[in-house]
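Enquirer: model this:
(2 chains, ligands or ions: 3)
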Amino acid sequence: MSAELNSVCFNLNGEKVIVRDVAPTTTLLDYLRDVRSLTGTKEGCAEGDCGACTVTLASPASGGVIHRAVNACIQFLPMLEGQAITTVEAIGTSGKLHPCQQAMVDHHGSQCGFCTPGIVMSLHTAYLSRADISRSEAADLLAGNLCRCTGYGPIIDSACSMFSVRSTVALETVIAEEARALESVQRTGCLVIRHGLQQFFSPDSLDDLLTLADRHPHAVILAGATDVGLWVTKQKRVLDTIICLGRVAELKVISVSDFAIDVGAGVTYDQLMQVPELPDELTRLMRRIGGQQVRQAGTIGGNIANGSPIGDMPPALIALGARITLASGHDRRDMALEDFFQSYGKQDRRPGDVLVSISIPRPASGDHLGFYKISKRFDQDISTLCGCFALTITDGKITSARIAFGGMAGIPKRASHVEAVLTGLEWSEDSVRKAQSAFGDDFQPLTDLRGSAGYRLGVAQNLLWRFYLESTGQIAPTDRLELGQLNLAGAS
Amino acid sequence: MTGAVHKSLVHESATKHVTGSASYTDDIRAPADVLHLQLGMSSHAHARIVNMDLSAVRAAPGVVCVLTAKDVPGRNDVSPWAGDDPLFADGLVQYIGQSLFAVAATSRQAARSAVDLAKIEYDDLPALITIDQAMAAESFLEAPNVLARGDARVALDTSPHTCSGRFYIGGQEHFYLEGQVAMALPGEDGAMTVFCSSQHPSEIQHTIAHVLHIPFAMVNVEVRRMGGGFGGKETHGNLPAAAVALAARVTGRAVKCRYDRDDDMMITGKRHDFRIDYEIGFDDRGKILGLVVDQAVRCGMSFDLSQAIADRAMLHADNCYVVPDILITSYRCRTHTQSATAFRGFGGPQGMLAMERMIDAIARSLNLDPLDVREANFYPAKDTPDRNQLGVTPYGMVVEDCIIQDLVGTLVASSDYRSRRAEIARWNSASPVLKRGISLSPVKFGISFTKTEFNQAGALVHIYTDGSIHLNHGGTEMGQGLFTKVAQVVADVFAVDPAVIAITPTHTAKVPNTSATAASSGSDLNGKAAQNAALTIRARLINHLSQRYGVSPADIRFRPDGVHVGLEVFSLAQVAASAYAARISLSSTGFYATPKIQWDRTIKQGRPFFYFAYGAAVSEVVIDTLTGEHRILRADILHDAGRSLNPALDLGQIEGGYVQGAGWLTTEELVYDQKGKLLTHAPSTYKIPTCGDRPQDMRIALYARGENIEETIHRSKAVGEPPLMLGHSVLLALIDAIAQANPDQGEPQLDAPATPERVLRALGGF
Ligand SMILES: Cc1cc2nc3c(=O)[nH]c(=O)nc-3n(C[C@H](O)[C@H](O)[C@H](O)COP(=O)(O)OP(=O)(O)OC[C@H]3O[C@@H](n4cnc5c(N)ncnc54)[C@H](O)[C@@H]3O)c2cc1C
Ligand code: FES
Ligand code: FES
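Expert: Residues are numbered from 1 along each chain as shown, chains lettered A, B, ... in the order given. Ligands and ions are numbered 1, 2, ... in the order given. So this is what the prediction gives:
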C-alpha cells in the first residue's frame, strides 16, 4: 500500500487508524487527549522532561518488533506513520491488571497518581523488551519519569517484582499480534502532508530524502524531535516545511569494522549503546544523556546537527577523532567533526545539507579514555560541562592528546593549548599540573544558570587530574559517583 | 469497632491511577464549545504599565474574549486575605510572570499564540530581587516580628563559648506533576460551578464570589483529586479559577485554564528562601545557653500566607532542644518576585534547619560528635517524673509528649550510627578524592494551624437503604491518602469493608466553610469530623434497633459479619431499611474542632499546637572533592506516626517527604537573573530528584511505640509535612563530609541547595 496524500496511518491500541487533515506538528499527546479522549496519558511539562506522557511505541525491525518508550508530548503525529502506539488504557483493566500495573498497586507505587500512567508505560515497555531488571537498572529505566510524591522506592520495587508475575497472555502472543498489526499499517513511498501553510514530508529512502532536501533547502530536518518538538511546544514556533528522516532505513544502520564504528545519522542513542564494540567510556557517558525516552527517540545526527554547545556526543566524538559525512543531492562532504562547529549557532552546513553518517574510530589498545559529564543532577540533566580526554601513551610519553569539552565555549571545542602542553611529556603529576594552567588559554566559559565560569574552569582542570589518577590506577574508575558505579553503601 | 483502621490498605484510587482512569481536572469532559484561557504575563519585575495595547490579541484567530482589570465586576483580588494579589495587574507590575490580562480562545494553541501579540509599555521602577537587597532597602511587609525569652544577649556574654555565622537557604518549587488547572461552567441565575485542582475549595469559592460580586452560595467548587499539591495549591489555584469564572461569566460558555509548566513556574509562588544570621552560646559539653537568631524571609510581592509561614519558622527555631534564653527576629522581606507561599513544612523546615546547623557548628567547635550535643540538649522526655521538669518552648508551650530521646536512641542502634561514623573517618583518611559524611538529625514538628480558627472540619455521611455508605468531608485528596484514611475511619464505625464506602469529591455545597487541607491536619480534622458523623448515625441505628427489638443498646454490636442485635444478626442494608421505615434520618453531618489550643500571635505566646510529631533520620553521603558531585549512600529513618491509621500510606509519606527534603537542599536550585527573571522555570533546568537520586540503601520504619498522648483520631499522628525535615540530615552529612575533607578550615560555608558547585566552593576547590 502506498501512502496517500494528507494522511497518517498507524495502529493505536490495537486499532488501525488513518488520520486525515491534521496539522503536521500536532503532538501525539494532544491527539490522544483532545481528539481521542484518551486522557490517561498526562501532560506534566510538554517538553520531554517528566515522562507523564510516556507511551509504548512498537516499530517493525528486522527480525521482529522493537519497543520504545517515548514522550508523546514531543512526538509529532506524522512521525508515527507505520508504528503501533499503546497507551495506558489498553494494557489492563481494573479486573485484569497488567503485571506492571498489579505490581504498582501491590507496592503502593502511586500517591497522587499523576506520574503513574507514564511510569506504568515505561515499565510496560521494559516488560516487553527484557526478562528482568536490577534495582540500579530500574533507576536508569525510570530516570525520565519524575515522581514528586513517592520518593521512588515503591516504584523500583514494582519494577523489580513485575517480571515474576507473568502476564495472562503470553508475551509471544502479544508480540505476534503486534507484528501483524504493524504489517497492516505499512505504506510505502513518501508521506506528504499539506495543511494550511505547513508541509511535511516523510520519505522512505535516502535518495528521496536528499532530493527533497535539495528542493527545500530551508526545510527543518526532523529526526527524533527531542529538540524540534520543543521549538513547537515551548517556543511556539510555526514550522512551515519539515522533512522527517524517521522512515529512511539507510540512516539507521550501524556497521562495525576493526577500525571504526560507522553510524547512520538516524541511529538513536539507545541503538548505539547496544553496540558491544563501543568504547565503555562512551557507553557510560551516553547513559547520562536524557532518560530512556529521550535515548530511545533522540538521534546521534540530531545531537550533532543542532550545533548545541552543551550536547554530550560532540565532545566525546571529537576526542575519539570522529568524522562526519554531509550529503546534498549527489554531493558528499566528509569532515572532522570538530570542523563542523564554527561558532556559536553556526555550523559548516549549507542549505540542503543532510548529515548522513558519523564514523567513530575505534581506540587502539594503548589509548586512555576518560569522559566526564558534570551536571546538577546525575540523571536526565544537561551538562554544566562535559570533558572528554583521549590520550595515546607510548613508553610513558604522551604521543597524542585529544581533549574536547562541551559547556566551556560557544561550541564543543578542543582544548588545543592543553593538548599542546601535554604532547611529548611524560604522563605524570608534573605534566598534569603544567597542563592545567593552559585551560584558561583554551576556554573563557560563561556564567549561567547551570554554573559559574569559575566553577566550569576549576572543574575542567580537576577533571584532567581525575583522569590522570584513574588512568594511572591511583583511583578506581568505579569511584565516580555516577549511578550504579559506586559500591560503598553500608560499607561499614 | 473492628478492623478497618491501622491497616495497610492500598490507596483508594490505586487501580484507577495505574489504568489511567483516575480523572483529574483536565480530564473532565468539557462541553464542545469550551474556551481555553491563557494569561498574559508581565516581563518586568517592577514597573508602571504605561500602555497596554491588546488590539492584535483581540484580532487573533480563535480569540473570543480578552479580559483585563477593567472587566472585573467585583474585587480585582485573588489573595487569601490581604487584598494584595490582583487578578490582573492594574497599572503596576510587581514581578516577572504577574498576570496582566487573559485571553479566552477556541483552542489552547490559539490562546497561547494570541497572548504574544500584546504590546505592553512599561516604565521601570527599582526592583528588589534578593533578600540582601530587600534587607538593605528595609523593604518589609510588616514590622519585624520578635519572639524572646530571657535575655539572650546577656546569656551570650556569659557563655563559655559562642559561635556565629550566616547562611542562606534556597526556596523550592513545588513541582506538583499536575499543574494549576480549573474549569468553570456558568449556571442559572449567575451561578458558577468550578472544577479545579485546589487544596482549598472554600477559598476558591470565596475568591470567585468576590471577583464576580455574587454571594458565596452561588459558587460551587468541586475537587476530586489533585496531581500533587504540597502547599502549592493552597492559594495559588485562586487565580486561574477566578480567571475562568470571570471568562465564563462574560462569554456564557465553559472556560478552562491549564497553566503550561513554564508559565506555572513563572507565575506561582514557591517555598520561602531564608537568610539566617546567628550567634549561639554554649558550655563545654555543648549545652545551649543562649541564642540570637535573625531570620530574613523572602516573601515576594505580597502577603499570601507569609505571616503564618514566617511565624512557624520562629516556632521551629528550637526544634527538639531546650534554649533557655532566646531572641528570634523575623524579617518579612517584600521583593519583586513571585509571592512565596505554603510548601510542605510551612516555614518549619527553614527554622529547624538553622538550629540543626548550629548544633553541628557547636559540635565541631568542641570536637564532639554532633549526636552527643543533640542528646545533651533534647527537651525532657514525656515520662519525666516531675511534670514541672517538662520543657517549655520559647513560645510558652509545655512539651508534654517528647519522645525524641527514645526514638533517636532506637535509631542510633538500628542504624549503627556510632560505628559507622568511626568507620567513615577511617575510610576518609585513606581516600584521596572521595569523602564520606554522616549525620543524624531529629524532627519535632508542631501539629495544628497556628491560626486557631482553621482547626475545624465538617463531614457528611449518608447510609442508603441498601446499606451503601456515602462519605464526604471538607478535606481534599492530593495523593496523601486522606480519602483512604477517612474511609477507613468510617468503615471502622460500621465494621464494614472500607472498599464499600463511596468516596466522593470535595464539594463546597456538601460541606461548607472548610479550611485548607494543609498543616498536615487533613486526617486529624476530617477523620474526626467523619467519625462524628458516622457515630451519630450509628447511635440512631442502635437506638432504633434497641427500641424495635427490645434489646439493650449495650447488646447491639456492629461486626464484620453484620449488625448483632442480641442473638440475631442483620445486614447493614436490613438495618438501614428498617430505620428508614421507622422514619429515622440516615444522614448526618459531623463536626470537629481541635481542643486545647490557643495562640496569640501578636505576643507569640500560647499553645499553638495540639501535639508534636517526631522523627529522625541518619543520612550517609559521599562527595567528590574534585567536582563537588555527591550522592546519598544510605538513609535510615525512624518516624513517629502515633498509632498509624495506615502504615503503608504513612511510610509512603515518609519516604516521599525525605526525598523531597533532600531535593530541596541539593539539586533544586531556583536561579534568578539580575532583573528578577526566574531562569529555572522548567524541569529541564529545575531539577527535582529522579529515581537514581534516592539512596540505594534506604531503611524506613515507623516508631513502634508511637501513640499520640492526645486524643486524636485513633491516636494517630499527622504525617504529611514532618518527614520533609528528615531530609535535613542530607545537607548536614554533606557539611560533615566537607569538614572531614578540610579538617583545618573551620566550619564549612555551605549554602543550600548544595549543588556540586556550592560543595566544591565550600571545599575551596576553585
Ligand atoms: C528531556 C531531554 C533531555 C535531554 N538530555 C540531553 C542530554 O543529556 N545530553 C544531550 O546532549 N542532549 C540532551 N537533550 C537534547 C536532545 O536529545 C539532543 O540534542 C538530540 O540528540 C536531538 O536529536 P533528535 O534526533 O531528537 O533531533 P531533532 O530534534 O529531530 O533535531 C535537532 C536538530 O538537528 C537537525 N537535524 C537532525 N537530524 C539531522 C540530520 N540528519 N541532518 C541535518 N540536520 C539534522 C534538526 O533540523 C534540528 O535542528 C535532551 C533533550 C530532552 C528533551
Ligand atoms: S509531558 Fe512531560 S515528558 Fe511529556
Ligand atoms: S505519585 Fe504523585 S507524582 Fe508520582
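
Enquirer: so which bits of chain A are right by ligand 2?
Expert: For chain A, the residues in contact with ligand 2 (CB under 6 Å from any ligand atom) are A:Glu43, A:Gly44, A:Cys45, A:Ala46, A:Gly48, A:Asp49, A:Cys50, A:Gly51, A:Ala52, A:Cys53, A:Asn71, A:Cys73. No exception for glycine: its C-beta is placed from N, CA and C like everyone else's.

Enquirer: including neighbour count, could these go into a markdown table?
Expert: Output for the residues of chain A next to ligand 2, formatted as a markdown table (neighbours: other CB atoms under 10 Å in any protein chain shown):
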| residue | neighbour count |
| --- | --- |
| A:Glu43 | 25 |
| A:Gly44 | 27 |
| A:Cys45 | 28 |
| A:Ala46 | 26 |
| A:Gly48 | 31 |
| A:Asp49 | 27 |
| A:Cys50 | 32 |
| A:Gly51 | 32 |
| A:Ala52 | 28 |
| A:Cys53 | 28 |
| A:Asn71 | 34 |
| A:Cys73 | 28 |
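
Enquirer: strands along the stretch 451-600 of chain B, start to end?
Expert: For the stretch 451-600 of chain B, the strands defined by DSSP state E, counting those that start in this stretch cover B:456-463, B:469-473, B:501-503, B:506-507, B:556-559, B:562-565, B:568-570, B:587-593, B:598-600.

Enquirer: hmm, I was thinking of the stretch 201-350 of chain A
Expert: A:220-222, A:241-244, A:254-256, A:260-264, A:323-328, A:331-336, A:341-343, A:346-347.

Enquirer: please apply the same query to the stretch 51-200 of chain A.
Expert: Going by DSSP E, counting those that start in this stretch, the stretch 51-200 of chain A shows strands at A:54-61, A:64-71, A:84-86, A:191-195, A:198-202.

Enquirer: what's next to the last one, contact-wise?
Expert: Contacts made with strand A:198-202 from outside it, assessed by CB atoms under 8 Å, 6 or more residues apart in numbering or on different chains, are listed as A:23-25, A:76, A:78-79, A:81, A:190-194, A:212, A:216, A:219, A:238-244, A:246-247.

Enquirer: which helices and strands does the lengthiest helix in chain A pack with?
Expert: For chain A, the longest helix by residue count, based on DSSP state H, is helix A:453-471. Helix A:453-471 sits against strand A:367-374, strand A:385-394, helix A:429-436, helix A:439-442, helix B:756-762, with contacts defined as 3 or more CB pairs under 8 Å, 6 or more residues apart in numbering or on different chains; DSSP states H and E.

Enquirer: buried residues, the longest one. List them.
Expert: This points to strand A:385-394. Neighbour counts over strand A:385-394 (16 or more other CB atoms under 10 Å in any protein chain shown) mark A:Leu385, A:Cys386, A:Gly387, A:Cys388, A:Phe389, A:Ala390, A:Leu391, A:Thr392, A:Ile393 as buried.

Enquirer: contacting residues for the first one?
Expert: Same thing as A:Leu385. Applying CB under 8 Å, 6+ apart, the residues near A:Leu385 are A:Ile374, A:Phe405, A:Gly406, A:Gly407, A:Met408, A:Pro445, A:Gly451, A:Arg456, A:Val459, A:Ala460.

Enquirer: could you measure from the one residue in chain B that gets nearest to chain A over to B:Leu482?
Expert: Going by CB to the nearest CB, chain A is nearest to B:Gly20 of chain B, at 2.0 Å. With distances taken as CB to CB, to the nearest Å, B:Gly20 is found 22 Å from B:Leu482.

Enquirer: who are the contact partners of the closest residue to A:Cys112 other than its chain neighbours?
Expert: Distance criterion CB to CB, 6 or more residues apart in numbering or on different chains; nearest residue to A:Cys112, sequence neighbours excluded, is B:Gly479 at 2.7 Å. Counting by CB under 8 Å, 6+ apart, B:Gly479 makes contact with A:Ser110, A:Gln111, A:Cys112, A:Gly113, A:Phe114, A:Cys149, B:Arg225, B:Met226, B:Gly227, B:Gly228, B:Gly229.

Enquirer: I'd say the first one and A:Thr116 touch.
Expert: What it means is A:Ser110. Yes - using CB atoms under 8 Å, A:Ser110 makes contact with A:Thr116 at a distance of 4.2 Å.

Enquirer: any idea which of the strands of the stretch 451-600 of chain B gets closest to B:Asp304?
Expert: Of all those, it is strand B:598-600 that lies closest to B:Asp304, at 19.9 Å by CB to CB.

Enquirer: note down every partner strand of the closest one and its orientation.
Expert: Note on strand B:598-600: by DSSP bridges, its sheet partners are strand B:605-607 (antiparallel).

Enquirer: does B:Cys65 count as helix, strand or coil?
Expert: strand (DSSP: H, G, I helix; E, B strand; the rest coil).

Enquirer: in the stretch 251-400 of chain B, which spans are helices?
Expert: B:261-267, B:306-315, B:348-366, B:370-377 (DSSP state H, counting those that start in this stretch).
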